[in-house]
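Student: model this:
(chains A, B, C and D)
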Protein chains: 2
Amino acid sequence: MSTLGPGEATELWLRWKRAHELVRAAVIAETTAASGVSEPELGVLVCLHESGGSLRQNALAATLGWDRTRLSHLLTRMADRGYVARDKVPNGVEVTLCPAGRRVIDMTLPTLETATRCHLLDRLGPDDAKTLKALIDRLLSSEEAAAETGTG
Amino acid sequence: MSTLGPGEATELWLRWKRAHELVRAAVIAETTAASGVSEPELGVLVCLHESGGSLRQNALAATLGWDRTRLSHLLTRMADRGYVARDKVPNGVEVTLCPAGRRVIDMTLPTLETATRCHLLDRLGPDDAKTLKALIDRLLSSEEAAAETGTG
DNA sequence: GGCCAAGTGTTGACATATCAACAGTCTACT
DNA sequence: AGTAGACTGTTGATATGTCAACACTTGGCC
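Tutor: Next up, the predicted model:
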């Protein structure tokens, strides 16, 4: 029993999408200008970087929450440009960050950090930032729980 | 001066994207199953519906936060399928919801409402829902203010 | 060995988004 | 009138994402 009237969930949904899109567009504009790579590409590079430089393709897809196909196509393009390398290993493929990819990360992570603060955190109060963090944690954990029990 | 350490904004950014994606995927799966139209298409239909059934193409693009080109291509496909109609009016084009589009709206809005509650609101407490609303409002208003002053 | 099922990744056809260039239509100014 | 500039929308080339079908490997089982 919530405090929302009819149609309010839909309204909230639309506003949430819009807020996310606005922030996202602003952040991406900066990171793309700084790095020359698109948001999905940067996502792959960051993910590899945070995992120590290499990751199974399967794990990469799971971490990003992507389809195998999408990742495969994107990695093909990124490998062509020298950002990553693919090596066959037992039971899968290992994706590794190449020097060019590392360079992009080094150039872009500071920009991403700044842009996130500017377009997301600084537009909220410090307390709101904590609140947002808590909300996100709750959503993530509950979604994961739902996925495990097959509710999603 | 926030309470976050180095890299934490980036971390928050990644988690936010992921949480949004998880919820979005779950909601879209239901609405698409119920309506047969994709999320962007449904967005257009909802927007028209909330505006009384018709809207200038320009206003539609602004409301959705989209590029003109993207909307133009999408409307062409939707008009081909009979969801909307385009009429030339002084200084622009008016987009109108057609019967088929109305039918989709009627079938899908309840699903969207339910899915949003299920995958977003019910995973937060009632208080969190209010908090989320407040956060979204703040982001939207501050982004709009930034856009007006050219800060974005 | 031979077989089947699950897991992993690729491929090609198709849908959709993005980008740059174009065309039309107002408005203001001379 | 005539022209320049802003606004609105379209078009076609290209990039990216999605879907279904295929190949390859692994492990269990008879």
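Student: so where is chain A shaky, pLDDT-wise?
Tutor: Low-confidence segments of chain A, defined by pLDDT under 70, are located at A:1-4, A:143-152.
Student: can you show me the helices along it?
Tutor: For chain A, applying DSSP state H gives helices covering A:8-35, A:39-50, A:57-64, A:68-80, A:99-119, A:126-149.
Student: among those, which comes closest to B:Val104?
Tutor: Closest to B:Val104 of these is helix A:8-35 (CB to CB; 14.3 Å). For every residue, glycine as well, the C-beta is placed using N, CA and C.
Student: other SSEs contacting that closest one?
Tutor: Counting contacts by 3 or more CB pairs under 8 Å, 6 or more residues apart in numbering or on different chains; DSSP states H and E, helix A:8-35 packs against helix A:39-50, helix A:99-119, helix B:8-35, helix B:39-50, helix B:99-119, helix B:126-149.
Student: could you dump the ones you listed to CSV with mean neighbour count and distance to B:Thr63?
Tutor: As requested, those are exported to CSV (neighbours: other CB atoms under 10 Å in any protein chain shown; distance: least, CB to CB, whole Å):
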stretch, mean neighbour count, distance to B:Thr63
helix A:39-50, 20, 23
helix A:99-119, 18, 21
helix B:8-35, 19, 19
helix B:39-50, 20, 5
helix B:99-119, 18, 16
helix B:126-149, 15, 12
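Student: how about the ones you listed in a markdown table, adding distance to DNA strand D?
Tutor: Formatted as a markdown table, these follow (distance: least, CB to the nearest atom of the strand, whole Å):
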| stretch | distance to DNA strand D |
| --- | --- |
| helix A:39-50 | 4 |
| helix A:99-119 | 14 |
| helix B:8-35 | 8 |
| helix B:39-50 | 9 |
| helix B:99-119 | 17 |
| helix B:126-149 | 14 |
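Student: among those helices, which comes closest to DNA strand C?
Tutor: Smallest distance to DNA strand C across the helices and strands packed on helix A:8-35 (CB to the nearest atom of the strand): 3.9 Å, for helix B:39-50.
Student: so does that closest one get close to DNA strand C?
Tutor: Yes - for helix B:39-50 and DNA strand C, the contact criterion (CB under 7 Å from any atom of the strand) is met by B:40-41.
Student: skipping adjacent residues, who's closest to the residue most central in space within chain A in space?
Tutor: By CA atoms, centre = their mean, the mean C-alpha position of chain A lies nearest to A:Gly43, the distance being 5.2 Å. Leaving out its chain neighbours, the residue that sits closest to A:Gly43 by CB to CB, 6 or more residues apart in numbering or on different chains is A:Leu64, at 6.0 Å.
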